[in-house]
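**Q** Dropping the sequence and predicted coords here.
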Amino acid sequence: MADELIMNNVNILLVEDNEGDIVLTLEALADAKLNNPVHVVRDGVEAIDHLEHLLAHDPPNLPDLILLDINLPRIDGKEVLQYIKNHDRLKRIPVVMLTTSSSELDILEAYNNHANCFITKPVDLNKFFNVVKVIKDFWITIVKLPSKE
């Protein structure tokens, strides 16, 4: 019961442009018994606009965890990551790079820009569901996330 309360206090921002991956990720989160609020944005500009809106109008609803794809339209995930990690009020939010990329350059750039972890999405459906469960188990159940204050 206590774990459930902790999990319910974690807001997730999913930044993903591929509709199939959005549906799959939301299904995997539901399958992992995660009932947390998940807000979805579909490109880098929308991600930054969403975060700026929350900062200005609704800071208590800032995300506690961001799942960020690299290959996004308009502004890519690398630039969104830089924006987040260079912003005083956002930089402590853990960012999980969840992407199809396995490029060493993408991995290096992500960690150089302070991504909290880099996960290449498995192509296999069962493996993808397992990865999302592990993300939930680690980032939502085990890790103590910083307060928004």
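**A** Cool, got the structure.

**Q** quick one, helices of this structure?
**A** In the chain, the helices defined using DSSP state H lie at 2-8, 19-31, 44-57, 77-85, 104-112, 125-135.

**Q** For residue 66, find the nearest of the ones you listed.
**A** helix 77-85 (6.9 Å; C-beta to C-beta). (Glycine included, C-beta is placed from N, CA and C.)

**Q** so what does the closest one touch, helix or strand wise?
**A** Contacts defined by 3 or more C-beta pairs under 8 Å, 6 or more residues apart in numbering; DSSP states H and E place helix 77-85 against helix 44-57, strand 65-68, strand 95-99, helix 104-112.

**Q** Pick the most buried one from the helices of the chain.
**A** Using mean count of other C-beta atoms under 10 Å, the stretch among the helices of the chain with the greatest mean number of neighbours is helix 77-85 (a mean of 21).

**Q** In contact with residue 42, which residues are there?
**A** 15, 16, 17, 22, 73 (C-beta atoms under 8 Å, 6 or more residues apart in numbering).

**Q** Next: residue 50.
**A** Counting by C-beta under 8 Å, 6+ apart, residue 50 has contacts 13, 39, 41.

**Q** Run a quick neighbour tally on the second one.
**A** Applying the criterion other C-beta atoms under 10 Å, we find 15 residues in the vicinity of residue 39.
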